[in-house]
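> Here is the input, now give the coordinates:
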Amino acid sequence: MAIEGRGVAWLPASLIGPELASGALRAAGDGTWTVPIEVRLFRPRATLSETAEALWRVATDGHAAQA
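Residues are numbered from 1 along each chain as shown. So this is what the prediction gives:
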């Protein structure tokens, strides 16, 4: 919707690089509007359903588990 000019959206820069480069999207405000975030996912140690385990494989693909 933001690309269509229908408002403002918070989007991770890592996902919209081409849109920023082409001018399809632009940052609102200056650098003080940039908000660093950290996402942490928690799960039980027990084996989960096949679908949930597939989600965890995608979420952790290429990243070593940290204890």
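> Quick one: low-confidence residue ranges for this protein.
62-67 (pLDDT under 70).
> what's the nearest residue to Thr47 if we skip its chain neighbours?
Glu53 (6.9 Å; Cβ to Cβ, 6 or more residues apart in numbering). C-beta: built from backbone N, CA, C; applies to glycine.
> The one you found is in contact with Ala46, isn't it?
No. The pair Glu53 / Ala46 is not scored as a contact, 10.7 Å apart, by Cβ atoms under 8 Å.
> Who has more neighbours out of the two?
The residue with more neighbours, out of Glu53 and Ala46 and counting by other Cβ atoms under 10 Å, is Glu53; that gives 12 against 5.
> tell me which residues of stretch 41-48 are tucked away?
Of the residues in stretch 41-48, none count as buried by neighbour count, 16 or more other Cβ atoms under 10 Å.
> May I have the distance across that stretch, first residue to last?
Chord length of stretch 41-48, first to last residue, is 15 Å (Cα to Cα, to the nearest Å).
> Show me the helices in the chain, by range?
Taking DSSP state H as the criterion, the chain contains helices spanning 17-22, 50-60.
> could these be laid out in CSV, adding distance to Gly29?
Converted to CSV, these look like this (distance: least, Cβ to Cβ, whole Å):
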stretch, distance to Gly29
helix 17-22, 14
helix 50-60, 31
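> Just give me how far stretch 29-43 sits from the chain centre.
Between the mean C-alpha location of stretch 29-43 and the chain-wide mean there is a distance of 9 Å, by Cα atoms, centre = their mean, to the nearest Å.
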